[in-house]
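Chemist: Please find the sequence and the predicted model below.
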Amino acid sequence: MEIPKELYYTQDHEWGSVEDGMMRVGITDYAQHELGDIVFVEFPEVGTVIAKGDPIGTVESVKAVSEVYAPVDGEIVEINEALADTPELVNQDCYGSAWMVVLKISDPSQVDALMDAQAYRAYVEAEAK
Amino acid sequence: MRTPLYHEHEKLNAKIVDFHGWEMPVWYTGIREEHLATRNSAGIFDASHMGEIWVSGKECVPFLERVLTRNIAAMPKHRVLYGFFLNERGGIIDDLTIYCVEPGERYMLCVNASNTPRDLDWMNVQNREGAVIEDRSPETSLIALQGPDAGGIMKAVLGLDLDTLKSFTFTILATRDYGDIMISKTGYTGAGGTEIFLPAAKASGLWSSLVEQGAAPCGLGARDTLRLEMGYPLHGNDIDETTTPLEAGLSFAVNLEKPSFIGREALKEQSSSGVSRRLRGLVLRDRGVPRQGCICVKGSEQVGVVTSGSVSPVLGTGIALAYLDKSVGEKDEVEVIVREKHLRASVTRPPFVRGTAHT
């Protein structure tokens, strides 16, 4: 299971990378693997203001529907349009080309409350038991 | 509950889910990959959770004639038929395959896993003829080998030429390694191939040999998308005790000419008055995944409900089976409501993709 060191993580298995007050968000390797083949993704419109824990996307596999939640408060400034045509990218490159949305962070202190790679690994291993 | 192949699934790192009390593999490598392996080469499925009920004795034919919708007396040796147990209202208690082992003497019924206990109870209650009813599910395994390459794999493992078997027939083979096995030219994928009944103790050995020859292990996930692409109904989703074979478009498996069987009167009546709804295929024209329970509308009017839905791995679009009002016909357009969004769908007659089962 791949858990890149430089990213932040949530208990709902989203990852976030922070740059210039923006957070790029996707789902983790663990999440894509648990869901199986992703066949559909959908995001709110750019400009939507959301609170931490609100849905910022829907991911559907053959067998399951799952929500993607905002790791922090913010405004959606970009969505990954390419995933509409190629949802399978989420299975192939979840930390790269299959990023989902970019949030403009409202409260930078919320970033510090997220898990780092080490904490997330321990969390996943505990959950898998 | 676990099938005799559970440890094979574990070895293959399958994702295991609960299926009506059975710990079954939902996928090994991925539903899409397994689905396409079955369509394009060969897939192998553990269906050992299915029930095998043997009916014998000199009163078995009158009994089976009364509880089943097919003409049992006319079945030649080693013929297979698809049919139903119905209730008095014509509702489907279970759908099953009927195997004529010895005409007039011995038959095997292969029933849905989750329905096996209920089927047995119901059969015993109905059995006023005194037929001998035996549940051989625990000692019987069922391995389905499906796909265009199934023939080559069977030849390599069992030395059997599948081409010599006609569709919906079976043969019994005495083998050194796997005991007496029943090889049936049937399936639930539309990809062609065979279903193999064998002693539970021999299942792991045959499974391993078939996998070694190139059959891709496939879980319940692919089994479901494959059957849905062909429009085959799943009991509990598309058909149940509240739906009849006529509504489900399965009248080919009901012989209304038979003088008497349970459910016949209700079906006769429905046949002459006409059905108010029909199970139909939907192909989505918008992106999205129709799911069981999604409402179908035409304009502002509700016209039906989805009973099975997914994305077709072959077509790449959403497909579904849905009961639609009789006013809606093939080639009509409806909308399926998926999470409050209205998605456009064309009404079609399944299969959604071309199968190879009858070649």
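Modeler: Thanks, I have the structure now.
Chemist: residue contacts, B:Arg339?
Modeler: B:Arg339 is in contact with A:Thr58, counting by Cβ atoms under 8 Å, 6 or more residues apart in numbering or on different chains. Heads up, the C-betas are built off the backbone N, CA and C, glycines and all.
Chemist: And B:Asp119, by the same measure?
Modeler: So B:Asp119 contacts B:Gly51, B:Ile53, B:Phe85, B:Ile93, B:Asp94, B:Leu96, B:Leu109, B:Val111 (Cβ under 8 Å, 6+ apart).
Chemist: before we move on, what about B:Ala320?
Modeler: Residues near B:Ala320 by Cβ under 8 Å, 6+ apart: B:Gly281, B:Leu282, B:Leu284, B:Pro290, B:Cys294, B:Val306, B:Thr307, B:Ser308, B:Gly309, B:Ser310, B:Val336, B:Ala345.
Chemist: what does A:Val39 give?
Modeler: When contacts are counted by Cβ under 8 Å, 6+ apart, A:Val39 is found next to A:Glu60, A:Ser61, A:Val62, A:Pro87, A:Glu88, B:Val289, B:Ser310, B:Val311.
Chemist: okay, the strand or helix carrying it in PDB with CA atoms only?
Modeler: A:Val39 belongs to strand A:38-42 when elements are defined using DSSP states H and E. Below are the C-alpha coordinates for strand A:38-42, written out as PDB (Å, rounded to 0.1, in the frame of the first residue of the first chain):
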ATOM      1  CA  ILE A  38     -14.100   3.100 -10.200                       C
ATOM      2  CA  VAL A  39     -16.700   3.700 -12.900                       C
ATOM      3  CA  PHE A  40     -18.000   7.100 -12.100                       C
ATOM      4  CA  VAL A  41     -16.900  10.300 -10.400                       C
ATOM      5  CA  GLU A  42     -18.800  13.600  -9.800                       C
END
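Chemist: want to throw the contacts of B:Asp119 into a markdown table with neighbour count and distance to chain A?
Modeler: Output for the contacts of B:Asp119, formatted as a markdown table (neighbours: other Cβ atoms under 10 Å in any protein chain shown; distance: Cβ to the nearest Cβ, whole Å):
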| residue | neighbour count | distance to chain A |
| --- | --- | --- |
| B:Gly51 | 24 | 24 |
| B:Ile53 | 20 | 30 |
| B:Phe85 | 25 | 29 |
| B:Ile93 | 22 | 27 |
| B:Asp94 | 23 | 24 |
| B:Leu96 | 25 | 26 |
| B:Leu109 | 23 | 29 |
| B:Val111 | 24 | 24 |
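Chemist: ok so, going back, after the strand holding A:Val39 comes which helix or strand?
Modeler: strand A:49-50.
Chemist: Quick one: residues in contact with the very next helix or strand once past that next one.
Modeler: Moving toward the C-terminus from strand A:49-50, the next helix or strand (DSSP H and E) is strand A:55-61. With Cβ under 8 Å, 6+ apart as the contact definition, strand A:55-61 has outside contacts at A:25, A:27, A:35-44, A:50, A:65-70, A:76, A:87, A:90, A:100-101, A:103, B:31, B:289, B:339.
Chemist: buried subset of the residues you listed?
Modeler: A:25, A:27, A:35-44, A:50, A:66, A:68-70, A:76, A:87, A:90, A:100-101, A:103, B:31, B:289 (16 or more other Cβ atoms under 10 Å in any protein chain shown).
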